[in-house]
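**Student:** just the structure for this:
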Amino acid sequence: MSRIGKKPVPIPDGVQVKIENGTMYFKGPKGELTFSPHRDMIVEINGKEIIVKRPTDTKFHKSLHGTTRQLIYNAVIGVKDGFKKELEVQGAGYKVSKQGNALVLNVGFSHEVKVTPPDGIEFKVSGPIKTTGADKYIIEVLGADKYLVGETAAKIRRIRPQDPYKAKGIKYVGEHIRRKAGKAGAKGA
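**Tutor:** Numbers count the residues shown, from 1 in each chain. Have a look, this model is predicted:
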């Protein structure tokens, strides 16, 4: 049996979970989410915990068991506490600001890049933080849906990934980018 799949998912105080017509509804202080588990998975609510069972021990059902349990767990944590990804923007002349809900990035292009958040996602910007080189900005991507938070952060990072030569661009906070040396120049002739 799956080690993760057989662990029950506790339902914390302030979170409501209900199952209707094969769809799960999660409601908490950080928002609302829905999740439709695979039709073969058996999901039950027993008091203050959710239990996921599989019908057979086939390879397919074994693979679904732990995944289904973890997706339910992520939904419960998301509506209770929410998820956050932090991005760091650094470069000479680079600026980050908010216009309403949207994020406006000036990251070395001839135009501003405007990123509108999908439903359920919020942006927070802090900066400029003075460093020895160029100013640094921190972008926080917040939301209840773990997948959507990660996907939105990845889309922002893709706008201008950090350059390994000059160390300017967008990267995750804590991400290590290996620096590369530039050209050595002409060797004596």
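**Student:** how close does the most centrally placed residue in the chain get to residue 4?
**Tutor:** Nearest residue to the geometric centre of the chain (C-alpha atoms, centre = their mean): residue 150, 2.3 Å. Using C-beta to C-beta, to the nearest Å, residue 150 is found at 19 Å from residue 4. Where C-beta positions appear, they are placed from N, C-alpha and C, glycine not excepted.
**Student:** packing partners of the helix or strand bottoming out on mean pLDDT in the chain?
**Tutor:** Least confident helix or strand, the chain: strand 121-129 with a mean of 87, by mean pLDDT, DSSP states H and E. Strand 121-129 is packed against strand 95-99, strand 102-106, strand 136-143, helix 146-159, with contacts defined by 3 or more C-beta pairs under 8 Å, 6 or more residues apart in numbering; DSSP states H and E.
**Student:** can you list the buried residues in the second one?
**Tutor:** This points to strand 102-106. Using 16 or more other C-beta atoms under 10 Å as the test for burial, strand 102-106 gives 103, 105.
**Student:** relative to helix 146-159, how tilted is that strand?
**Tutor:** In terms of direction (axes from the mean of the first three to the mean of the last three C-alpha atoms, to 10 degrees), strand 102-106 departs from helix 146-159 by 20 degrees.
**Student:** hmm, who's touching strand 102-106?
**Tutor:** 89, 93-98, 112-117, 123, 125, 139, 156, 159-160 (C-beta atoms under 8 Å, 6 or more residues apart in numbering).
**Student:** residues in contact with residue 5?
**Tutor:** Per C-beta under 8 Å, 6+ apart, neighbours of residue 5: 52, 54, 65, 66, 68, 69.
**Student:** and stretch 137-153, how far out from the chain's middle?
**Tutor:** Going by C-alpha atoms, centre = their mean, to the nearest Å, the spacing between the C-alpha centre of stretch 137-153 and its chain's C-alpha centre is 4 Å.
**Student:** ends of it, how far apart?
**Tutor:** 14 Å (C-alpha to C-alpha, to the nearest Å).
**Student:** residues making contact with it?
**Tutor:** Applying C-beta under 8 Å, 6+ apart, the contact partners of stretch 137-153 are 28, 30-33, 74-75, 77-79, 82-90, 94-96, 103, 117-118, 120-129, 156, 172-173.
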